[in-house]
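Enquirer: any chance you could fold what I've pasted below:
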Amino acid sequence: MGATLRYAVALAIGGAVATIAVNIIGSFLMGCAFVYLSTKGLDAWQPLVMTGVLGGFTTFSAFSLDAFRLIEKGDIGQAAIYIALSVILSIAALIAGILIMRGVLA
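Expert: Next up, the predicted model:
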């Protein structure tokens, strides 16, 4: 299910932008799911939701390939920006998801 959603985003947006988008959105949803499932005592659902659906939605391998392609084309600056934004914004989105969900469930 997650991989199908990722494919739909790739068709809609295309290219490296789609990879950044799914990784940021997936990180945000991972933060939300982590807090929600833990708070509600639904830890048994974590493998399905977090590893299965969200793991299939986000993709480190596509991120790596996009970065490699930029480097191979000689776009070192673009590659550096892509890598930095992907990592920083994905972690920021995860934190935002955790904080928002903790606020919602408080």
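Enquirer: tell me, how many residues neighbour residue 41?
Expert: For residue 41, the neighbour count with other Cβ atoms under 10 Å is 8. Any C-beta I mention is one placed from the backbone N, CA and C, and that applies to glycine too.
Enquirer: cool, residue 13 as well?
Expert: Other residues within reach of residue 13 by the criterion other Cβ under 10 Å amount to 14.
Enquirer: how about residue 46?
Expert: A count of nearby residues for residue 46, using other Cβ under 10 Å, gives 15.
Enquirer: for the helix or strand where it lies, the distance to its chain's centre please.
Expert: Following DSSP states H and E, the helix or strand that holds residue 46 is helix 46. With Cα atoms, centre = their mean, to the nearest Å as the basis, helix 46 stands 16 Å off its chain's centre.
Enquirer: just checking, what packs against that helix?
Expert: For helix 46, the helices and strands in contact under the criterion 3 or more Cβ pairs under 8 Å, 6 or more residues apart in numbering; DSSP states H and E are helix 15-39.
Enquirer: can you list the buried residues in the helix it packs on?
Expert: For helix 15-39, a neighbour-count test (16 or more other Cβ atoms under 10 Å) marks 16, 18-37 as buried.
Enquirer: what about the helices in the protein?
Expert: For the chain, the helices defined by DSSP state H cover 2-12, 15-39, 46, 55-57, 60-72, 76-105.
Enquirer: will you turn these into a markdown table that also has mean pLDDT?
Expert: Supplementary listing: the helices of the chain in a markdown table, determined by pLDDT from 0 to 100:
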| stretch | mean pLDDT |
| --- | --- |
| helix 2-12 | 94 |
| helix 15-39 | 93 |
| helix 46 | 93 |
| helix 55-57 | 92 |
| helix 60-72 | 90 |
| helix 76-105 | 97 |
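Enquirer: distance of residue 83 relative to residue 39?
Expert: Relative to residue 39, residue 83 is positioned 33 Å away (criterion: Cβ to Cβ, to the nearest Å).
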